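Engineer: Following is a predicted model, sequence given first.
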Amino acid sequence: MGDSATFQRPPSVDALARALATQVDLPHAVLVDCARRAISQRPQDAAEFAQHLAEDLSVSLIGEVINATGVLLHTNLGRAPFSVPVGRRATAVEFDLADGSRGSRHTAISALLQMLTGAEDALVVNNNAAAVLLVLSALAEGRGVAVARGESVEIGGGFRVPDVMRRSGARLIDVGTTNRTRARDYEEACDVAENDITMLLKVHPSNFSVEGFVESASLRELATLEPVLAVDLGSGLLDSQAPWLPAEMRPLPSWVSDEPSVKQSIDDGADIVMFSGDKLLGGPQCGIIAGRRDLIEKCAKHPLMRALRPGHHALVPLQQVLLSYLERTVTERIPFWAMVSASDSDLEARAEQIIAAVGYGEVRSSLTVVGAGAAPGATIPSQAVVIPGDKSADLRHARPFPIIARVSEGSTWIDLRSVDTTDDDHIIGALSLLRS
């Protein structure tokens, strides 16, 4: 009798869902689901468990955050920050406005890339891994592809060159040694009939660099050999001369001066190149293939192309990025280039303003990295707002935008080179709440 007297009936699903609505901003149907699961699994503390479920779901949703890590192209935070609003109207993605017939989604992008890089033609796919897979499948299936041992790499997410090679149907032919591979190593491999080499593939080292007793064959040397010369550039630097940058920023700064570029690779004899759209290019996630027209046409006609082609939500922003390069407005319109072009004195002034507004913390010199496998090992001077203690969890729960900072030396560092100037007020608001 006593047990029945103390028993509490769990709340109704509707009542619990309505109570959750005052605490978590999610659709009513989602809150109803959280309430049902909580009542069925933990009826004695259903309200508390339902809130836990709803909050866990809320923070797992993909949304905008403020990148204060100092990693400019943070893979876990979407790499290059860029957004072009796509309206509610239809898009002429495969429609020829001139004659009203079906068109190609690659015509305009290809024309812009021809102007920027000197390539004969170009093609866009989902990402650079897809670009490499398509090029190998379309141009080297069942044939040998020569790769330097030092370039048979694995990058983030377990993407390995040998694995992709097998999936494409091409055969990997290792040449040279891990640290030194010369043009004659490729030539000797081509002379072995059973290798049946149809392509020489140069691969960007991405997340690592080899120093010391090293040597690699140049594109000019490899271009004299018969097989197709393909280059996985990865990072997407269009032109080492950077004609899109203001005169005072040229030549390119030291952190990127050794990065291979699309135009120079083609000028040096590469037949086809592959690179990312969301790294140094500063655009949306996509992979770009550029080079000889006959090779691009083979890739475009391959059955994989249907599965790998991007939609207009990637093509429209990419088009805007390329137009910005031609208009030479990248430092105003492309956030990545705005970040790297910000002066150290401007960053220091922003940091001082934030600290003055919140009344605590200090300004310290920092070093940012490019990230996403671009310009491995390179650093760029920066300035950070430094707060004593580990406040990273509190900042991740900031609203309206979570702030992702880094913790070092027992303090929380908010690196301003990776933060857009429009977000300084959000940082001030979050830090002010921490102090209150």
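Structural biologist: In hand now; what should we look at?

Engineer: Strands of the stretch 301-436 of the chain, residue ranges please.
Structural biologist: 362-369, 379-388, 403-404, 406-408, 411-415 (DSSP state E, counting those that start in this stretch).

Engineer: Would you mind checking the average pLDDT for stretch 197-216?
Structural biologist: Stretch 197-216 carries an average pLDDT of 82.

Engineer: for that stretch, which positions count as buried?
Structural biologist: Neighbour-count burial for stretch 197-216, counted by 16 or more other Cβ atoms under 10 Å, picks out 197-207, 216. All C-beta atoms are positioned from the backbone trio N, CA, C, and that covers glycine.

Engineer: now do stretch 362-382
Structural biologist: Across stretch 362-382, burial judged by 16+ other Cβ under 10 Å covers 363-364, 366, 368-376, 378, 380, 382.

Engineer: Just checking: the least confident one among those residues is which?
Structural biologist: On pLDDT alone, residue 376 ranks lowest of the buried residues of stretch 362-382, at 76.

Engineer: Please name the nearest non-neighbouring residue to the most centrally placed residue in the chain.
Structural biologist: Closest to where the C-alpha atoms of the chain average out (Cα atoms, centre = their mean) is residue 79, at 3.3 Å. Leaving aside its chain neighbours, residue 79 sits nearest to residue 278 (4.2 Å; criterion: Cβ to Cβ, 6 or more residues apart in numbering).

Engineer: pretty sure that neighbour is in a strand, no?
Structural biologist: No: counting by DSSP: H, G, I helix; E, B strand; the rest coil, residue 278 is not found in a strand; it is coil.

Engineer: separation between it and residue 284?
Structural biologist: Counting by Cβ to Cβ, to the nearest Å, the gap from residue 278 to residue 284 is 6 Å.

Engineer: What of residue 291?
Structural biologist: For residue 291, the distance to residue 284 - Cβ to Cβ - is 21 Å.

Engineer: just residue 434 next, same as before
Structural biologist: Residue 434 is 34 Å from residue 284, where distance means Cβ to Cβ.

Engineer: Of the two, which one has the most company?
Structural biologist: More neighbours surround residue 284 than the other of residue 434 and residue 284, with 23 against 16 (other Cβ atoms under 10 Å).

Engineer: Look at the more buried one and report its pLDDT.
Structural biologist: As predicted, residue 284 sits at a pLDDT of 94.

Engineer: before we move on, what SS does residue 162 have?
Structural biologist: Under three-state DSSP, residue 162 falls in the helix class.

Engineer: so it touches residue 173, yeah?
Structural biologist: No: contact criterion Cβ atoms under 8 Å: residue 162 and residue 173 do not qualify, at 11.1 Å.

Engineer: and those two? which has more neighbours close in?
Structural biologist: Between residue 162 and residue 173, residue 173 has the larger neighbour count (other Cβ under 10 Å), namely 22 against 13.

Engineer: so that one sits in a strand?
Structural biologist: Yes: when three-state DSSP is applied, residue 173 is found to be in a strand.

Engineer: sorry, back to before: I'd like to know which of the strands of the stretch 301-436 of the chain is closest to residue 24.
Structural biologist: Taking Cβ to Cβ, strand 403-404 is the member of the strands of the stretch 301-436 of the chain nearest to residue 24, at 19.8 Å.

Engineer: on contacts alone, who are the packing partners of that closest one?
Structural biologist: strand 66-67, helix 392-396, helix 424-435 (3 or more Cβ pairs under 8 Å, 6 or more residues apart in numbering; DSSP states H and E).

Engineer: List the strands paired with it, with their directions.
Structural biologist: If you go by DSSP bridges, strand 403-404 pairs up with strand 66-67 (parallel).

Engineer: How about residues contacting the helix or strand containing residue 199?
Structural biologist: Using DSSP states H and E, residue 199 maps to strand 197-203. With contacts defined as Cβ atoms under 8 Å, 6 or more residues apart in numbering, strand 197-203 is touched by 136, 139-140, 143-148, 151-153, 161, 170, 173, 186, 189-190, 219, 222, 225, 227-232, 234, 270.

Engineer: Those residues in strands, which ones?
Structural biologist: Judged by DSSP state E, strands contain the following of those: 144-148, 173, 228-232, 234.

Engineer: Compare the strands of the stretch 301-436 of the chain and report which one is nearest to residue 56.
Structural biologist: strand 403-404 (18.3 Å).
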